[in-house]
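Q: sequence and predicted model, in that order:
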Amino acid sequence: MRTFVTKSATALFVAASVAFIPVAAHAAPSEPAAASVQSASKKSKLVLSVTNGSGDTVVSWLVSSGSNATSKVLTTKKSKWKKVRTVNTSSFGMATIAASAVSGKKVSCKITLGGKVVDKDTAKGRFGVASCSYDWGY
């Protein structure tokens, strides 16, 4: 009996909620169709960067834009590492970086899209991991 009451109460709640959802009037698009077609292929410069005080840094990165994805895990001795890609920000996409300084020193990551910093992080210590991510087109 309890299951029946719970299911009935849930069904009643859902039905009542649907009845009170406001319906927005359909407005005309604010942009002309030609402008929408141009923005359908908007390209932007994406920069993934990692800065480490000294020693080895393990970097894991992923960039996915539309149906294309690229990822890699690497170890670098450079104090500054970066990866530059051109992405279509009109389609779904994401970028992520995780970086760890093997020496335990400070490590930082940053993601820049179209010249604007969209995420950054810093970590310190032996097991510190700086992690940055950003998604677009959603």
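A: Okay, I see it. Everything numeric here is computed off the predicted structure, so don't read it as measured data. Residues are numbered from 1 along each chain as shown.
Q: now do the closest residue to V117 other than its chain neighbours against V50, distance only.
A: Of all residues beyond its chain neighbours, the one nearest V117 is K110 (6.1 Å), with distances taken as C-beta to C-beta, 6 or more residues apart in numbering. Every C-beta, even on glycine, is put in place using the N, C-alpha and C of the backbone. Noted for K110: a distance of 8 Å to V50, by C-beta to C-beta, to the nearest Å.
Q: which parts of this protein are helices?
A: For the chain, the helices defined by DSSP state H occupy 2-19, 33-39.
Q: ranking the ones you listed by mean pLDDT, which is last?
A: Sorting the helices of the chain by mean pLDDT places helix 2-19 lowest, at a mean of 34.
Q: tell me where the protein has strands.
A: Assigned by DSSP state E, the strands in the chain fall at 43-52, 57-65, 68-76, 80-88, 93-101, 107-113, 116-123, 130-136.
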